Structures are given as C-alpha cells and as structure tokens.
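Peer 1: Could you work out the structure for the sequence below:
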Amino acid sequence: MFLAWSLLAKGAVTGKYTLENISSFTDLRRIDPVFHPENFKKISPVISKLVELAEKYDKTPAQIALNWIIMYSDNIIPIPGAKKPEHVVQNAESVGWRMNIHDWLELEKLTRNISIMYSVYY
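Peer 2: I've put the predicted structure just below:
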C-alpha cells in the first residue's frame, strides 16, 4: 500500500490558480516550487485537462485529480488536504464513479514526464 500525499499540489491542480495570479501569494505557497512560474508552466496543460474533464463529468478539477489517482491502483490510498468542511465533502465525492479509460489515459500521458524542479530561486 502507498499513502499518496499532497495529491492536489497545495491546490495547484484545482484550476483556481493561473500564471497570472500565483505571484500574489502571501502564504507558504509563495516559496513552494510547484508555484514557481517555470514549474507551474509545466503543469498548466494538466490543469487545463482537469478543468475540461471536470466540466465533462460535472465534477471539480480536484475530484477529477483524486479519481485519477484512485483509478491508478487499488494499492494507493489518497490523503487529500482540506482547509474547509466543504473541501472534505468535495474530496469524498471523488469516489463512487470512474472516468472513462480514454480520459484517464490522457491524464496519464500529460503527467508521465513532468518533473518539478525543487531547487528554484525567487
């Protein structure tokens, strides 16, 4: 069994952040490598696909991301974060359904070669 941590990349994959608004952080995300512009550019196509699939399945991008991880293997137990009670409810709604295999494979292809640089300078 694997416990998957930080599945939503501190909110990066939720669709609410863009290259234009990541520079306005005042919390720890301000120095998180995922939100460094060069790294965020790398994950932007994934975020776009999550937003697209969220509309298709009437889910949130976070629910799509969690469902993708859950479908990946029966041996992965996701531990999604939640700052608000409604996030817990939304996270719970990522189970009990499956996206089709073609959509799953698209996410797999988009994410396969992403490498986040953790030595970044601001």
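Peer 1: what's near enough to touch Thr14?
Peer 2: Leu8, Thr60, Pro61, Ala62 (CB atoms under 8 Å, 6 or more residues apart in numbering). All C-beta atoms are positioned from the backbone trio N, CA, C, and that covers glycine.
Peer 1: Would you format these as CSV with distance to Met117 and pLDDT included?
Peer 2: Shown next, in CSV, are the contacts of Thr14 (distance: CB to CB, whole Å; pLDDT from 0 to 100):
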residue, distance to Met117, pLDDT
Leu8, 20, 88
Thr60, 28, 95
Pro61, 23, 96
Ala62, 24, 94
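Peer 1: so which of those residues is the most crowded?
Peer 2: Ala62 (25 neighbours; other CB atoms under 10 Å).
Peer 1: Surely Phe25 touches His36?
Peer 2: No. Counting by CB atoms under 8 Å, Phe25 sits too far from His36 to count as a contact (11.1 Å).
Peer 1: Neighbour count: the two, which is higher?
Peer 2: The residue with more neighbours, out of Phe25 and His36, is His36; 19 against 14, by other CB under 10 Å.
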